[in-house]
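Participant: Return atomic coordinates for the entry below.
(2 chains)
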Amino acid sequence: GAGVSQSPSNKVTEKGKDVELRCDPISGHTALYWYRQSLGQGLEFLIYFQGNSAPDKSGLPSDRFSAERTGGSVSTLTIQRTQQEDSAVYLCASSLGGQGAEEQYFGPGTRLTVT
Amino acid sequence: AQSVTQLGSHVSVSEGALVLLRCNYSSSVPPYLFWYVQYPNQGLQLLLKYTSAATLVKGINGFEAEFKKSETSFHLTKPSAHMSDAAEYFCAVSYTGANNLFFGTGTRLTVIP
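Facilitator: All right, here's what the predicted structure looks like:
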């Protein structure tokens, strides 16, 4: 079956502009995660959605970052007034039920470059 | 608090040689431990995971890892490296009730022909 898909694969934007990154999780997966991968920094957790519960936003680095998940499926990560330090690969993952022992399935990522 | 330390950001081995990638974790509760691999321009793929069953875990592509509680380690090994193993490897920890994985900074494996 289809895996996690993300769009766009690459995004170049000017400092100060807003960007939207999209994630389509695996059908039937109730949990969805966003991570940020910066050069030499590993993967940093951003936000977690589980079913209809309130999202865990504890990893969002500033109030310029927000995310929503519509209909329990597609998710959009929005970065407002982008800064150069926002340049990174943004990875989305999904899992069946969101339990700590579950495998997370990752998309190919969106590479964001802020000029 | 949960965290992962991967010793060696870059590891080079000859084709056919043993692969050993080190991971040490810190967790205040019983951990779940994972190794993921990332090939260039791709997402992460699960190699193997430890979830409190057998301490020696076998994964895909001939990789295995051993959970050693006394050493708080979960090192990844493969007896004989193949060129196709060249990639970046991430160790991660989670626990019951966690909403996310906590990742190490990754180890880039180079295989020399």
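Participant: how about A:Trp92, secondary structure?
Facilitator: To be clear, residue A:92 is Cys; Trp isn't right here. strand (DSSP: H, G, I helix; E, B strand; the rest coil).
Participant: hang on, isn't it packed against A:Ile26?
Facilitator: No. Assessed by CB atoms under 8 Å, A:Cys92 is found out of contact with A:Ile26, at 10.6 Å. Glycine gets a C-beta too; all of them are placed from N, C-alpha and C.
Participant: any residues in contact with both of these two?
Facilitator: A:Val4 (CB atoms under 8 Å, 6 or more residues apart in numbering or on different chains).
Participant: more neighbours, these two?
Facilitator: A:Cys92 (28 against 18; other CB atoms under 10 Å in any protein chain shown).
Participant: Excluding chain neighbours, what is closest to the more buried one?
Facilitator: A:Cys23 (3.4 Å; CB to CB, 6 or more residues apart in numbering or on different chains).
Participant: Quick check: which element contains that neighbour?
Facilitator: According to DSSP states H and E, A:Cys23 maps onto strand A:19-24.
Participant: model confidence over that strand, on average?
Facilitator: Averaging pLDDT along strand A:19-24 gives 98.
Participant: and what of stretch B:66-80?
Facilitator: The model assigns stretch B:66-80 a mean pLDDT of 95.
Participant: The residue nearest the centre of chain A - nearest residue in space that isn't next to it in sequence?
Facilitator: When CA atoms, centre = their mean is applied to chain A, the residue found nearest the centroid is A:Trp34 (3.1 Å). What sits nearest to A:Trp34 in space, not counting adjacent residues and going by CB to CB, 6+ apart, is A:Leu46, at 4.2 Å.
Participant: need the contact list for the one you found.
Facilitator: A:Tyr33, A:Trp34, A:Tyr35, A:Arg36, A:Gly59, A:Leu60, A:Pro61, A:Phe65, A:Ala67, A:Leu77, A:Tyr90.
Participant: Same check on B:Tyr32?
Facilitator: Contacts of B:Tyr32 by CB under 8 Å, 6+ apart are A:Gly100, A:Ala101, B:Lys49, B:Tyr50, B:Thr51, B:Ser52, B:Val93, B:Ser94, B:Tyr95, B:Thr96.
Participant: Now do stretch B:83-96: distance to the chain's middle.
Facilitator: 4 Å (CA atoms, centre = their mean, to the nearest Å).
Participant: how about it, does it reach chain A?
Facilitator: Yes. Stretch B:83-96 comes into contact with chain A (CB under 8 Å from any CB of the partner chain), by way of B:Phe90, B:Ala92, B:Ser94, B:Tyr95, B:Thr96.
Participant: any idea which helix or strand comes after whichever strand or helix holds B:Lys49?
Facilitator: Here B:Lys49, judged by DSSP H and E, is contained in strand B:44-50. Downstream of strand B:44-50, the next assigned helix or strand under DSSP H and E is strand B:56-58.
Participant: Helix, strand, or coil at the spatially most central residue of chain B?
Facilitator: Residue closest to the mean C-alpha point of chain B, counted by CA atoms, centre = their mean, is B:Trp35 at 3.5 Å. With three-state DSSP as the basis, B:Trp35 sits in strand.
Participant: for B:Ser84, same thing?
Facilitator: Here B:Ser84 is helix, with the state taken from three-state DSSP.
Participant: Number of residues surrounding it?
Facilitator: Neighbour count for B:Ser84, taken as other CB under 10 Å: 9.
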